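[1] pasting the structure only:
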Ligand SMILES: Nc1ncnc2c1ncn2[C@@H]1O[C@H](COP(=O)(O)OP(=O)(O)OP(=O)(O)O)[C@@H](O)[C@H]1O
């Protein structure tokens, strides 16, 4: 389904196509990860991108964040082309920031929190505080619910939840317009997950951010997203208002996803059959060889 171009949107992605080298059933033998994806995100809007593992969500996120170059398609921010990954203008790079799934591997464990934030202010000097940097750093940390003493600690010594708050601080330190969250709460304990989700919602509202929020967890997406797009085997099969898509799905695959989510909530069905831990989500048969792009 094509969302159509909406006037006044912030991010516009048209006909995105990405294939990875290696064995597979793609046009040139590689794995087709994303096949003609079009989506848009309006200013201050949160678009949830859902789908089972391997459906292409991370690949879309990486293209939007400029970490991966698509084989075809266009990406614009505020109507201006985002350009190829490494050739983005500093302004475009600043405007789109990403929060990753695993906070521990997305931060250098040997760096202190203060130096992690100083580094991004150095990379994007227009966002560096004019006044006292320590005061600005402490204010940023407080915004994330972190004590000032965290500034002098190394990332490797922080808890998973603290690390994710620092990752979010690093992203927001450069005042982005769009935050791409790729399974940003999935690797955390359930109680920490809820705290980070609340933090993201609060920050989004206060800083008037737009978000592309990727998750396989429909419950999480339901809480944060205004609209949702459902990906299956590299294609968006359905998109619309979150409430509508999750309560009255039109595509059979969306219904399957919702059924699987219900099965996960209640893993022992009436007939007593014990399912796999992953809720027996069907294998989509796509290749999993991680060749270089
Ligand atoms: N570097 C890579 N090299 C080769 N194939 C890749 C690479 N990265 C992803 N793929 C393949 O591309 C397809 C889409 O992967 P992608 O990670 O984008 O999906 P996803 O929906 O984000 O899954 P997950 O939730 O498990 O991260 C999958 O078939 C995956 O195996």
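    On my side now, so go ahead. The shown structure was predicted, so the numbers you read here are calculated from the model rather than taken from an experiment.

[2] only C-alpha atoms for contact and neighbour calcs from this point on.
    Fine.

[3] any weak-confidence spans in the stretch 51-200 of the chain?
    Along the stretch 51-200 of the chain, the model assigns pLDDT under 70 to residues 84-85.

[4] tell me, how many residues neighbour residue 262?
    Under the neighbour criterion other CA atoms under 10 Å, residue 262 is assigned a count of 13.

[5] what's the helix or strand for it?
    In this assignment (DSSP states H and E), residue 262 forms part of helix 252-265.

[6] and that helix, is it in reach of the ligand?
    No. Helix 252-265 stays out of contact with the ligand when judged by CA under 6 Å from any ligand atom, the minimum separation being 13.0 Å.

[7] and the helices in the stretch 1-150 of the chain, which stretches?
    Secondary structure of the stretch 1-150 of the chain, counting by DSSP state H, counting those that start in this stretch: helices at 57-64, 90-95, 103-106, 113-123, 133-143.

[8] what of the stretch 151-293 of the chain?
    So, for the stretch 151-293 of the chain - with DSSP H, counting those that start in this stretch - the helices run 160-172, 190-207, 218-224, 242-247, 252-265.

[9] got the ones you listed as JSON lines, with distance to residue 111 columns?
    Written out in JSON lines, the entries for the helices of the stretch 151-293 of the chain read as follows (distance: least, CA to CA, whole Å):
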{"stretch": "helix 160-172", "distance to residue 111": "12"}
{"stretch": "helix 190-207", "distance to residue 111": "22"}
{"stretch": "helix 218-224", "distance to residue 111": "31"}
{"stretch": "helix 242-247", "distance to residue 111": "39"}
{"stretch": "helix 252-265", "distance to residue 111": "38"}
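
[10] circling back: reformat the helices of the stretch 1-150 of the chain as a markdown table; add mean neighbour count.
    What follows is the helices of the stretch 1-150 of the chain, written out as a markdown table (neighbours: other CA atoms under 10 Å):
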| stretch | mean neighbour count |
| --- | --- |
| helix 57-64 | 23 |
| helix 90-95 | 17 |
| helix 103-106 | 18 |
| helix 113-123 | 18 |
| helix 133-143 | 16 |
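
[11] one step back: which secondary structure elements does the helix holding residue 262 sit against?
    Using 3 or more CA pairs under 8 Å, 6 or more residues apart in numbering; DSSP states H and E as the contact definition, the elements that helix 252-265 packs against are helix 242-247.

[12] what does the helix it packs on contact?
    Contacting residues not belonging to helix 242-247 are listed as 218, 222, 225, 226, 227, 228, 238, 239, 254, 258 [CA atoms under 8 Å, 6 or more residues apart in numbering].

[13] repeat for stretch 102-109
    When contacts are taken as CA under 8 Å, 6+ apart, the neighbours of stretch 102-109 outside the stretch itself are 100, 154, 155, 156, 157, 160, 163, 164, 167, 184, 187.
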